[in-house]
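Novice: Make a model of this:
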Amino acid sequence: MAISFALKHGDSKEVYGKITFNGRFIFELNKNIKTDDWNKIGFVKLPLQSHRIESLNLFEHLNSRLPIPLRSETNEVKIKYIKATGLRVASDSFYLEEIRDLS
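Specialist: Have a look, this model is predicted:
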């Protein structure tokens with residue numbers, strides 16, 4: 001089952017993109033944001049002119065935002081932590097908010 005999060009900015013509440021875990025890690029940057037601008041401020045780097053990245057390693061791009069003791073935990077423990085905390089860090093105002101399926 002896929003679990004999705006909106007990537008939001010704490011001050012503006014603007015949605016910068018979407019992160020999905022469905023056996024893969026998928027990050028999709030909001031189409032209104034230029035990739036080169038995002039790569040200057042964002043924590044998931046993207047190839048230029050691409051608004052999407054996909055990886056088999058679910059936490060390759062997010063482990064640096066996790067507390068050190070959690071980095072070796074299971075994916076399930078990490079996702080539970082993300083749901084509880086939004087994966088906020090002191091160095092920026094980005095956080096993840098779960099997108100709940102209404103069906």
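
Novice: Return the set of residues that bridge with residue 97.
Specialist: Residues in a beta bridge with residue 97, per DSSP bridges, are residue 6.

Novice: Just give the closest residue to the residue nearest in space to the middle of the chain, not the sequence neighbours.
Specialist: The residue lying closest to the centre of the chain (CA atoms, centre = their mean) is residue 19, at 4.7 Å. Leaving aside its sequence neighbours, residue 19 sits nearest to residue 5 (CB to CB, 6 or more residues apart in numbering; 4.7 Å). Where you see a C-beta, it was placed from the backbone N, CA and C, and this is true even at glycine.

Novice: those strands in this structure, which residues are they?
Specialist: Under the criterion DSSP state E, the chain carries strands at the ranges 3-9, 15-21, 25-29, 52-55, 94-99.

Novice: average pLDDT across the third one?
Specialist: Spelled out, that is strand 25-29. Over the span of strand 25-29, the pLDDT mean works out to 96.

Novice: Who does that strand pair with, and is each partner parallel or antiparallel?
Specialist: Pairing partners of strand 25-29, with direction, according to DSSP bridges: strand 15-21 (antiparallel), strand 52-55 (antiparallel).
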